[in-house]
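Trainee: okay, predicted coordinates and the sequence, questions at the end:
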Amino acid sequence: MKLKIGENIFKVKIADDDKSRAIGMMGRSFTDEFNGMLFLMDDHTNCFWMKNCITSLDIIFIDGNTR
């Protein structure tokens with residue numbers, strides 16, 4: 001999926017269930033096929049951890065029009 005934020009376009013993988021959110025970037029590197037992940041959350045009581053993450057990450061929180 002392509003995601004546009006401002007003038008930036010990202011090729012993202014969607015993490016929209018508990019299993020895909022738990023795995024996230026664990027053991028993965030970004031490729032030509034994707035350069036980001038979009039985590040879809042149900043509420044505002046979420047957290048992130050970087051277990052076995054082999055690449056550095058930036059995290060952007062989006063809530064409506066707020067980043």
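Mentor: On my side now, so go ahead.

Trainee: any weak-confidence spans in the protein?
Mentor: For the chain, the stretches with pLDDT under 70 are 44, 65-67.

Trainee: partner strands of the lengthiest strand in it, with direction?
Mentor: Among the segments of the chain that qualify as a strand by DSSP state E, the longest is strand 8-15. Next to strand 8-15 in the sheet, as set by DSSP bridges, lie strand 2-5 (antiparallel), strand 36-39 (parallel).

Trainee: need the contact partners of the first one.
Mentor: Going back to what we said before, that points to strand 2-5. For strand 2-5, contacts defined as CB atoms under 8 Å, 6 or more residues apart in numbering pick out 9-12, 36, 38, 60, 62, 67. (Each C-beta comes from the backbone N, C-alpha and C, glycine too.)

Trainee: just the buried members of these?
Mentor: Burial by neighbour count, 16 or more other CB atoms under 10 Å: within the contacts of strand 2-5 this picks out G36.

Trainee: any chance of the contacts of strand 2-5 in JSON lines, plus distance to K51?
Mentor: Output for those, formatted as JSON lines (distance: CB to CB, whole Å):
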{"residue": "I9", "distance to K51": "29"}
{"residue": "F10", "distance to K51": "23"}
{"residue": "K11", "distance to K51": "24"}
{"residue": "V12", "distance to K51": "20"}
{"residue": "G36", "distance to K51": "19"}
{"residue": "L38", "distance to K51": "19"}
{"residue": "I60", "distance to K51": "20"}
{"residue": "I62", "distance to K51": "23"}
{"residue": "R67", "distance to K51": "25"}
